[in-house]
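Trainee: coordinates for the following, if possible.
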Amino acid sequence: MNLLSKINKYFIINSILLFVFIYLILFFIIDRSIRKEADQQLKNISKKVVNELKQGGAVDYPPFIVINKADTIPNRIPFYEDVYIKFYDTEEDEPFRQLTTYANIKGQEYEIIARTSMQEKNELFLDIALVIFIGILLLLFTFYLINKRVSRYVLSDFYDTINKIEQFSISDPKNLNLKKSDIIEFEKLNNALSFLAEKAKKEYRILREFTEELNHEIQTPISVIKSKIELLLQSTQLTADNYYFLDAILKNLNKLEKINKSILLLNKLENTDVFEVSEVDMNIEINNVIKNFESFGQFRNLSIEFINDSPNNCNIEINQSLFGILISNLISNAIKYSYENSSIKINFARKEQYLVLSISNYCDKPKSLDKFFDRFYKESDTYESIGLGLAIVKKICTIYNIKIKNYYDNNIYTVELSFIPKNS
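Mentor: As a prediction, the model looks like this:
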C-alpha cells in the first residue's frame, strides 16, 4: 500500500468513526428536544385542565384528555410515559406522549391524563435525522476529496524524489538533480539524498579507476613472467621436476590473466557508451563462433549440432564483439561441462516477437541453477574455471534487454536467450 492510499485509508476510518459519533449525539439531542417540547406542552395542558375543572367546565376529550375520578390516590407524583393508542379510523396504533397528574378539586380526587400525538413529531424527527445523515455524509465525502487532492499536492515533491532515485545509477555521469521543495522536511531529505548520491558516485568512480589501473598494471608483469617461463620451458637443461613446477606456474598465470581480463571487461560493461552498437546478423555470428569451437569440441569427442529454423531476417542491434563473447562463453561452458562422447545442440528459431537461441548439453544435475550467473560461482572444482564467464553473459543480456533463463530436464541443461529483432 502506497503512502497516499494509507493516508486516505486512515482518514476514511477516522472520518467514519467521527461521523457515527456526531450523528449519535445529534440523534439523541434532537430526540430529547422533541420530547422536552412535548412534555412542556402536556404540562401546560394539564394546568389548563385543572383550571377548567375548578371552574366546573367539561374538559374530557379522549384520547387527548382523560379525566378519572378516584377515591384515594396514594402517590400524587406526576409522571411521563410513551404509549400507543388505536384511533377509530386507523388500523395501527399511534404513538403518544402521555402525562399523568393528580389534583384535588372541591374535595374530589382526579386523575388527569393528558396526551399528545407523536406521529408527526416522529416523522419530523426522522426527516431531520435523514437530512443530517446525508449532510454529514456529503461533508465527509467532500473532505475526503479535498484531503486526497491536498495530500497528492503536498506529497508531489516526495514522489518526484522517489522517481528520480529509482532512475539514479552511480555509473551514470548525470547528477541527481532533485526538485527544490518548500516543505522543510522534504528539502532536508533531498539534501541528504543528494549528498549520499554524490558520495556514492565519487567512491564508485575512485574504485573503478583503481580497478582499471590495477588490472592494466597487473597485465604487464603477467605477460613478462609468462614470456620468461615459456622461454625456460624451451630449455633442454631442465629436469622433470623443473618442467612440472614451471608448467604449474604457467597454468596459474594463464588463469590469473583470464580473471584479470574478465574483471576488466565487467568493469567496462558498466559504461556501455564505449561499446558501439551495430546491426548484427545472428546467423552469421553464431556460425562463426561454432567454427571456432569445433576443434575444442572434437578434443572431447563432442559434436555440435546447429538447428536453424529462423527466418531470413535475424538481425539485432548489439555490439558485435560483445555478441561474440556472449555466444562464445555459453558454448565454451557447454563444452566444458558436457559428458564426453555426447552432443551439444544449438537451436535458433523465431517464437512470437522474439528470436530465441537455446544451447543444450548433456551433464550432471546442477547444484544450484539460480547461482549460475553470480560472479565467481563455480559449479565444480574444475581448475580452468574462473567463475566469471556466465556473469559476463548475464551483464551483456542486462545491457541489451536480452531475456535469459536456464533449466535442467532429463540430464539436459539448457540456456535460452530471447532477442528482440531489429524493426520488430
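Trainee: tell me how the protein divides into domains.
Mentor: 3-152, 161-273, 275-419 (automatic domain parsing).
Trainee: now those as a markdown table including mean neighbour count and mean pLDDT?
Mentor: All C-beta atoms are positioned from the backbone trio N, CA, C, and that covers glycine. Formatted as a markdown table, the domains of the chain follow (neighbours: other CB atoms under 10 Å; pLDDT from 0 to 100):
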| stretch | mean neighbour count | mean pLDDT |
| --- | --- | --- |
| domain 3-152 | 13 | 81 |
| domain 161-273 | 13 | 73 |
| domain 275-419 | 16 | 80 |
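Trainee: in this structure, where's the longest strand?
Mentor: Longest strand in the chain by number of residues (criterion: DSSP state E): strand 93-105.
Trainee: what are the pairing partners of the helix or strand just after it, and which direction each?
Mentor: Sequence-wise, the next helix or strand downstream of strand 93-105 (DSSP states H and E) is strand 108-117. Applying DSSP bridges, strand 108-117 is found paired with strand 65-70 (antiparallel), strand 93-105 (antiparallel).
Trainee: of these, which is nearest residue 19?
Mentor: strand 93-105 (28.2 Å; CB to CB).
Trainee: what separates that closest one from the chain centre, distance-wise?
Mentor: 68 Å (CA atoms, centre = their mean, to the nearest Å).
Trainee: which residues of the stretch 201-350 of the chain fall in strands?
Mentor: For the stretch 201-350 of the chain, the strands defined by DSSP state E, counting those that start in this stretch occupy 278-281, 303-309, 315-318, 343-351.
Trainee: adding distance to residue 144, write the ones you listed out as CSV.
Mentor: CSV is the format used below for those (distance: least, CB to CB, whole Å):
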stretch, distance to residue 144
strand 278-281, 55
strand 303-309, 59
strand 315-318, 50
strand 343-351, 49
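Trainee: wait, which of those is closest to residue 192?
Mentor: Of all those, strand 315-318 sits nearest to residue 192, with 39.3 Å by CB to CB.
Trainee: alpha carbons only: can I get that closest one in CSV?
Mentor: Output of strand 315-318 as CSV, limited to C-alpha atoms (Å, rounded to 0.1, in the frame of the first residue of the first chain):
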residue,chain,number,x,y,z
ASN,A,315,19.3,-9.0,-37.4
ILE,A,316,19.6,-7.4,-34.0
GLU,A,317,21.2,-4.2,-32.7
ILE,A,318,24.1,-5.0,-30.4
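Trainee: which strands or helices does that strand pack on?
Mentor: strand 278-281 (3 or more CB pairs under 8 Å, 6 or more residues apart in numbering; DSSP states H and E).
Trainee: what helices or strands is the host helix or strand of residue 132 leaning on?
Mentor: Assessed by DSSP H and E, residue 132 sits inside helix 119-154. Packing partners of helix 119-154 (3+ CB pairs under 8 Å, 6+ apart): helix 3-54, strand 93-105.
Trainee: again, only using 6 Å
Mentor: Where contact means 3 or more CB pairs under 6 Å, 6 or more residues apart in numbering; DSSP states H and E, helix 119-154 is packed against helix 3-54.
Trainee: on the strand side of things, show who the closest residue to residue 66 other than its chain neighbours bridges to.
Mentor: Nearest residue to residue 66, sequence neighbours excluded (CB to CB, 6 or more residues apart in numbering): residue 113, at 4.2 Å. Under the criterion DSSP bridges, residue 113 forms beta bridges with residue 66, residue 100.
Trainee: any idea how far residue 12 is from residue 113?
Mentor: 51 Å (CB to CB, to the nearest Å).
Trainee: likewise residue 228?
Mentor: Taking CB to CB, one finds residue 228 at 79 Å from residue 12.
Trainee: now do residue 117
Mentor: To residue 12, residue 117 is 41 Å away according to CB to CB.
Trainee: likewise for residue 417?
Mentor: The value you get for residue 417 to residue 12, if CB to CB is used, is 49 Å.
Trainee: do the same with residue 297
Mentor: 67 Å.
Trainee: same question for residue 240.
Mentor: 86 Å.
Trainee: one more: residue 345?
Mentor: 60 Å.
Trainee: run the angle between the longest strand of the chain and helix 3-54 for me.
Mentor: If you take axes from the mean of the first three to the mean of the last three CA atoms, to 10 degrees, strand 93-105 sits at 40 degrees to helix 3-54.
Trainee: list the contacts of strand 93-105.
Mentor: Outside strand 93-105, the residues that touch it by CB atoms under 6 Å, 6 or more residues apart in numbering are 38, 42, 46, 50, 53-54, 73, 76, 78-81, 83-86, 110-119.
Trainee: list the contacts of stretch 393-410.
Mentor: In contact with stretch 393-410 (CB under 6 Å, 6+ apart) are residues 269, 272, 318, 322, 326, 329, 365-366, 369, 372-373, 414-419.
Trainee: quick one on the thing from earlier: out of the strands of the stretch 201-350 of the chain, which comes closest to residue 130?
Mentor: strand 343-351 (63.5 Å).
Trainee: need the CA coordinates for the closest one. PDB is fine.
Mentor: Once non-C-alpha atoms are left out, strand 343-351 reads as follows in PDB (Å, rounded to 0.1, in the frame of the first residue of the first chain):
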ATOM      1  CA  SER A 343      26.500 -33.700 -28.300                       C
ATOM      2  CA  ILE A 344      25.700 -30.000 -27.900                       C
ATOM      3  CA  LYS A 345      22.500 -28.800 -29.600                       C
ATOM      4  CA  ILE A 346      22.100 -25.200 -30.600                       C
ATOM      5  CA  ASN A 347      18.600 -24.300 -31.700                       C
ATOM      6  CA  PHE A 348      17.800 -21.000 -33.300                       C
ATOM      7  CA  ALA A 349      14.200 -20.000 -34.200                       C
ATOM      8  CA  ARG A 350      11.600 -17.300 -34.100                       C
ATOM      9  CA  LYS A 351       8.900 -17.500 -31.300                       C
END
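Trainee: the nearest residue to residue 176 once chain neighbours are set aside: which element?
Mentor: Using CB to CB, 6+ apart and skipping residues adjacent in sequence, the residue nearest residue 176 is residue 197, 4.1 Å away. Element membership for residue 197 (DSSP H and E) is helix 184-233.
Trainee: now do that helix against helix 119-154, angle only.
Mentor: Here the directions of helix 184-233 and helix 119-154 differ by 40 degrees (the same axes, to 10 degrees).
Trainee: which elements pack onto helix 184-233?
Mentor: helix 156-167, helix 240-268.
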